[in-house]
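# could you look at this predicted model? Sequence included:
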Amino acid sequence: MHEIRKDGDRELVRSWASDIERGTLRQAEKSARSPAVAGPVALMPDAHIGIGATIGSVIPTEGAIIPAAVGVDIGCGMIAVQTSLTASDLPSKLDDVLDDIYQAIPAGFAKHADTTKAAWRWLAANPVPRPSELTDSMHRKVGAQLGTLGSGNHFVEVCLDERQAVWTVLHSGSRGVGNTMATRHIRTAKGLCDKLHRRIEDRDLAYFLESDAEFQAYVDDMLWAQAYALENRALMMDALLGVVRKHIGKRFTEVERINAHHNYTTREEHDGRQLWITRKGAIRAQVGDRGVIPGSMGAGTFIVTGLGEPSSYHSASHGAGRRMGRKQAKRTLTTAQFKKAMQGRTWQAGKAKQLLDEAPMAYKDIDQVMRDQADLVQVDHTLQAVLNYKGT
């Protein structure tokens, strides 16, 4: 069930969040009042304040796109693989596995020393739409960062589900090139709205109309960055499975692979209209869609199937959602609290101070988030991490 917030007779926001700040609701209402928006904004139960548009929101537009609503990490999302392994197949200690993941998957500011063969093949088949708009430095990063994790809330995990089946899970997006493209288009949208005197309450909600030449340029870059993000996750997952194979010493298979965005926009039909549906921190949850919804690094991850709820534009949450900003978390939390919350996992405990803004206590209760969206997704598996790796 969801709460409806109106302005007179106009429906502005549909909210599935039982734990939400007033400022987050106000921000979502501001987005809904944009002349580019074609219906109520759907707020997922993990919603929290973002830049311009709310993180954990689904925004419908008709003949228009708001670049900042997609955000700077175009195509950010999750990939998960269920293997044929069980808990008894894993080594008793996973420290060496963690060390090898560090070597196989560059994280933080790290990148591959050179573009890998797999990355070269993908880039040859999927060239950058407007290469002249990227600097020489960024051109080099496009290849070298394909197959790398990044930092912040991006992570790699080895998990066990309720049956003790082994899953590998990771979270990442379109890296530096997606950020560069998004930042340029957001700046262009602001300039265009200023020039044409388009009414917006917040400059971060600047938009393109389909009649603008800049619209198609954004769509081309956005779709390419989304494809890059999908491939980025796929390459890292292949590397992660290679590490697992090295330490398991036995053959295993992939039972299922799920790879899906949660920061993106796409054309969909809703109520007989062709709309651009922007999911900023939300997954598509049409009937039968498979999805991955992680909690914090100290909580569970949920493998789900979409139920196709039309009032949410067939969407669901992308995770737990932050309860504290990064600066607040570092001011408020201690490494002792962090380490206690991470007991039972192999992780970078020696970097607890650097990772403190990612401590589980900085996030909402993922179990409550899942209860709030019981009408949006069906939970198929609940995963608990036995190993966690993040960029610093």
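Okay, I see it.

# all contacts plus neighbour counts: C-alpha atoms, from now on.
Will do.

# note down every partner strand of the helix or strand where T305 lies and its orientation.
Per DSSP states H and E, T305 falls inside strand 301-306. Applying DSSP bridges to the sheet, strand 301-306 is found paired with strand 290-294 (antiparallel), strand 377-390 (antiparallel).

# what's the neighbour count on A213?
Per other CA atoms under 10 Å, the neighbour tally for A213 reads 10.

# need phi/psi at it.
When read as degrees, to the nearest 10, the backbone of A213 gives phi -60, psi -30.

# the lowest-mean-pLDDT helix or strand in the chain pairs with which strands, parallel or anti?
The weakest-scoring helix or strand in the chain, judged by mean pLDDT, DSSP states H and E, is strand 3-7 (a mean of 85). Paired neighbours of strand 3-7 in the sheet (DSSP bridges): strand 10-15 (antiparallel).

# I293 contacts S317, correct?
Yes - with contact defined as CA atoms under 8 Å, I293 reaches S317; the gap is 7.0 Å.

# those two: who's more crowded?
S317 (35 against 24).

# can you say which of the strands paired with strand 301-306 is packed in most?
Across the strands paired with strand 301-306, averaging neighbours per residue (mean count of other CA atoms under 10 Å) puts strand 290-294 on top, at a mean of 25.

# just checking: what are the partner strands of the next helix or strand after the strand holding T305?
Note on strand 301-306: by DSSP H and E, the next helix or strand toward the C-terminus is strand 315-317. Take DSSP bridges as the rule and strand 315-317 pairs in its sheet with strand 282-284 (antiparallel).

# contacting residues around M138?
Neighbouring residues of M138 by CA atoms under 8 Å, 6 or more residues apart in numbering: G176, V177.

# follow-up on the earlier one: need the strands paired with strand 301-306 in JSON lines with distance to E11, can you?
Below are the strands paired with strand 301-306 laid out as JSON lines (distance: least, CA to CA, whole Å):
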{"stretch": "strand 290-294", "distance to E11": "28"}
{"stretch": "strand 377-390", "distance to E11": "24"}
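
# helices along the stretch 201-350 of the chain, start to end?
Using DSSP state H, counting those that start in this stretch, the helices of the stretch 201-350 of the chain run over 213-248, 326-332, 335-341.

# now those helices as TSV including mean pLDDT and distance to G300?
Listed next are the helices of the stretch 201-350 of the chain as TSV, based on pLDDT from 0 to 100; distance: least, CA to CA, whole Å:
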stretch	mean pLDDT	distance to G300
helix 213-248	98	19
helix 326-332	95	20
helix 335-341	97	12
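
# one step back: looking at the strands paired with strand 301-306, which is closest to K6?
Closest approach to K6 among those (CA to CA): strand 377-390, 25.5 Å.

# ok, residues contacting stretch 381-392?
Applying CA under 8 Å, 6+ apart, the contact partners of stretch 381-392 are 94, 98, 101-102, 107-109, 149-162, 167, 297-304, 344-348, 354-355.

# now N126, nearest residue through space, not along the chain?
Counting by CA to CA, 6 or more residues apart in numbering, the nearest residue to N126 once its immediate chain neighbours are dropped is W224, at 7.7 Å.

# give the contact list for the one you found.
Contacts for W224 (CA under 8 Å, 6+ apart) come out as N126, V128, P129.

# got the CA positions of the least confident helix or strand of the chain in PDB?
The C-alpha trace of strand 3-7 is given here as PDB (Å, rounded to 0.1, in the frame of the first residue of the first chain):
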ATOM      1  CA  GLU A   3       0.400   7.100   0.700                       C
ATOM      2  CA  ILE A   4      -0.800   9.700  -1.800                       C
ATOM      3  CA  ARG A   5       0.200  13.300  -1.500                       C
ATOM      4  CA  LYS A   6      -1.800  15.900  -3.400                       C
ATOM      5  CA  ASP A   7      -1.900  19.600  -4.300                       C
END
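
# hmm, who's touching that strand?
Strand 3-7 has contacts (CA under 8 Å, 6+ apart) with E11, L12, V13, R14, S15, W16.

# repeat that for stretch 188-207.
So stretch 188-207 is contacted by 30-31, 34-36, 51-53, 64-69, 186, 208, 214 (CA under 8 Å, 6+ apart).

# redo that, cut-off 7 Å
Stretch 188-207 is touched from outside by S34, A36, I51, G52, A64, I65, I66, P67, A68, F208, with contacts defined as CA atoms under 7 Å, 6 or more residues apart in numbering.

# pLDDT check: weakest of the residues you listed?
In terms of pLDDT, the least confident member of the contacts of stretch 188-207 is G52, at 84.

# could you give me the PyMOL selection string for whichever of the contacts of stretch 188-207 are buried?
Of these, the buried ones can be selected in PyMOL as follows, counting by 16 or more other CA atoms under 10 Å:
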select buried, resi 34+36+52+64+65+66+67+68+208
